[in-house]
Structures are given as C-alpha cells and as structure tokens.
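In: 3D model of this:
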Amino acid sequence: MTMPDLAHDLTGKLLIAMPGMEDPRFAGAVVFMCVHSPGQSMGLIVNKPMDEITFAEMMDQLEIAKQGTTPDVPVCYGGPVELRRGFVLHSSDYKPRGEEALRIDHRFAMTGTLEILEDIAAGQGPRRAMLALGYSGWGEGQLEAEIQRNDWLTADATPELVFDIAMERKWDAALESLGVTSLTLSSEAGHA
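Out: Coordinates of the predicted model:
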C-alpha cells in the first residue's frame, strides 16, 4: 500500500480529531502542528487542560521566582510523548536570550527551555503563550495514513483560535473555521 502524498506542509496548521477518533488520548483534540516533514511530525494538543497543575504551581515546583502576580498561562496535555517535558507555544514576538525558539511562522513559535518560563514569571515573556506537557508525534507516513483514514481534518491556525478561545470551545471553533459543525460532521467521510 502506498501512502498518499500530501502536497502541502501542515506546519503551523491545526489537526482536528474527527468524532470517530478511536484513540482516547486524541478524542476531541485540536493539535497545533509545530513540525511536519516527510520523516516525522510533531504537534501540541491545545485544548486539553491539565487540571492537576496550574502554571503558578509549576513555577513553584521548578523554583522559578515570580515577580508580582504570576500570569495565567494555560497548562495543557500536549500529547502522549515525553509527558515530563514542557513546551511553550507562543506568539513570535518573544526572542529568547540564549537558545533559539523554533519559529513556526510569522505568528507562532515554540520554545522548550526553562528560560522562557523564567521570562514569563518575570513579566518579560511573549504576549501570548500556553505550556504543553508532552507532545504528539508521528513517524514517517503515520500522520498521512491517519488523515487518509479520516481520523483528522486540517484547518488554518489563528492566534485567536489557539490562544484566546476557551479550551472547551476550541474543537467546535476549529470545526466552525471550516464551515462545519459537530452536528453536520460525519465520522465516515467519503473518498473521491
């Protein structure tokens, strides 16, 4: 079986889990794609909050000094890979002092260092940010096969959708950006 050739790069796009998603870790998920290449793909789930920990509690655990009120940065379950590792998805206005951020496009970047957490706690971080624990990863051809199997829809990402819309509304809002609703969406999409 040959894999479909996705002629477009999904970097900076959203994956929206179809209603029939069988993997419970991704049921109802909206995934922001940080990297999409022929060999591998990496994304962060942006709509599954981690109720077990807040950003302020994480700063305390990491012994990061806060200056004033700790910003209300959402903490999400980013995916099932490396759950003990954190990634900050943020607006591209932030420029790290040391290591480079992964610049995704002119609106989004990702940084995986303690430095950005220290800067956010000091009020010197990006305008918009969310912290993801773990990430979603796919090996060669795996994501393309899942898309071909109708596990995912793809949509354009906007900063408003990723950072501003309430977590519990993001899946519906992502669908609405495509002009569909969960009521009209079938988990059995056809193939042309």
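
In: Please report how far the residue nearest the centre of the chain lies from residue 150.
Out: In the chain, the residue lying closest to the centroid (CA atoms, centre = their mean) is residue 44, at 2.9 Å. Separation of residue 44 from residue 150 (CB to CB, to the nearest Å) stands at 22 Å. For the C-beta atoms, the positions are set from N, CA and C on the backbone; glycine is no exception.

In: For the chain, give the helix that spans the most residues.
Out: For the chain, the longest helix by residue count, based on DSSP state H, is helix 167-177.

In: Can you spell out which helices and strands pack onto that helix?
Out: Packing partners of helix 167-177 (3 or more CB pairs under 8 Å, 6 or more residues apart in numbering; DSSP states H and E): strand 13-17, strand 30-36, strand 152-156.

In: Let me see the contact set for residue 83.
Out: 133, 134 (CB atoms under 8 Å, 6 or more residues apart in numbering).

In: where's it, which helix or strand?
Out: Here residue 83 sits within strand 81-91, counting by DSSP states H and E.

In: Counting by contacts, list what the very next helix or strand once past that strand packs against.
Out: With elements assigned by DSSP H and E, the helix or strand that comes after strand 81-91 is strand 102-103. Here strand 102-103 touches strand 108-111, going by 3+ CB pairs under 8 Å, 6+ apart.

In: what's the neighbour count on residue 160?
Out: 11 (other CB atoms under 10 Å).

In: In terms of pLDDT, where does it sit?
Out: The model reports residue 160 with a pLDDT of 96.

In: Over to the one 4 residues further on?
Out: pLDDT for residue 164: 95.

In: Give me the residue ranges of this structure where confidence is low.
Out: Scanning the chain for pLDDT under 70 picks out the ranges 1-7, 98-99, 185-192.

In: For residue 135, find the nearest of the helices and strands packed on helix 167-177.
Out: With respect to residue 135, and counting by CB to CB, the nearest of those is strand 30-36 at 7.8 Å.
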